[in-house]
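S.K.: would you be able to build a 3D model of this:
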Amino acid sequence: MAASLLDALFPKRCAGCGSGPWPFCARCRSELVVLSPPWCERCGAPAPRAKIACRDCPPDPIAIARAPFGFDGPIRRAVHRLKFGGWHAVADALAGAMVEAWADVPWTPSAVTWVPLSRDRLAARGYDQARALARAAAPMIGAPALPLLRRVGDPGPQARRGAAARREAMRGMFAAEEAPGKVVLVDDVLTTGATGGACASTLLEAGAEIVGLLTAARAVSSARRPRPILGHGPASGSVVAPGNGSPAVDASRGRSDPRKPTLGR
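M.R.: Numbers count the residues shown, from 1 in each chain. A predicted model of the protein is given here:
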């Protein structure tokens, strides 16, 4: 009752621009960079033709990686609101698209876990965005969401570090007691893969057979990133399902594509 009353009094706004209808207004939906085949079969990066691996693949401990969106425009702003603005419902809105991106992975997960925040960051934010994404995605994946990892160190700011420096800084930052079979590791964004790689190594050492990384978005190199194509489609209370609404940007071809990952309410 309280949640329904709050929704009525304070309706959700577009996670991309903060003013249109939830979860993304027509304009923001048209600017989404959707990652779809052909792509790198290992990391899901857009490619002119299907590849087994590519230069953007994350470190070896990560067997496979998937993300539904390029980290740009409305998705960048939505993730920022999820992490720092208290927009917790963004996790539910993105989970469906994440699970669709995972659909071609040829193994059945035993568990879903997430990249944990440090104790200080969790205390400052009061909220772990990766945990929220994992818990929203797990029922659709069909595996339990389990807190398999704990962070035992903090490497400090990573933004100005290169990929190799990030990987070195992340060594020994995580611990795990036990990890079952096949694990889906969830985080908000894949950039260099340093954090995900450190987590995957820890999970493998704790008994996991294989670890895949699933994120809401991933960085796409400038050479592969298309210029968003603006358009206007019908506004909706849920993100457009494949084949409906205004076109998204297909990152593999750089033109509008009506196929859109499904976003939750």
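S.K.: in this structure, which residue is closest to the centre?
M.R.: With distances taken as CA atoms, centre = their mean, the residue of the chain nearest its centroid is Ala216 (1.6 Å).
S.K.: if you drop the residues flanking it in sequence, what lies closest to that one?
M.R.: Nearest residue to Ala216 in three dimensions, chain neighbours excluded: Leu94, at 4.6 Å (CB to CB, 6 or more residues apart in numbering). No exception for glycine: its C-beta is placed from N, CA and C like everyone else's.
S.K.: just checking, what packs against the helix or strand where the one you found lies?
M.R.: Assessed by DSSP states H and E, Leu94 sits inside helix 89-102. Identification of packing neighbours for helix 89-102 by 3 or more CB pairs under 8 Å, 6 or more residues apart in numbering; DSSP states H and E yields strand 64-66, helix 73-84, helix 129-141, strand 210-218.
S.K.: all strands of the stretch 151-265 of the chain, in order?
M.R.: Taking DSSP state E, counting those that start in this stretch as the test, the strands found in the stretch 151-265 of the chain are 174-175, 182-190, 210-218, 248-250, 255-257.
S.K.: what's the closest of these to Leu133?
M.R.: strand 182-190 (5.2 Å; CB to CB).
S.K.: neighbours of the closest residue to Ser110 other than its chain neighbours, how many?
M.R.: Once flanking residues are discounted, Ser110 sits nearest to Gly181: 3.7 Å by CB to CB, 6+ apart. Gly181 has 14 neighbours, counted by other CB atoms under 10 Å.
S.K.: wait, what's in contact with Gly181?
M.R.: When contacts are counted by CB atoms under 8 Å, 6 or more residues apart in numbering, Gly181 touches 110-111, 208-210.
S.K.: filter these down to the buried ones.
M.R.: 110-111, 208, 210 (16 or more other CB atoms under 10 Å).
S.K.: that older thread, got a list of contacts for the helix holding Leu94?
M.R.: 12, 15, 22-23, 35, 44, 66-69, 78-79, 81-82, 129, 132-133, 135-137, 140-141, 184, 186, 212, 214-216, 239, 261-265.
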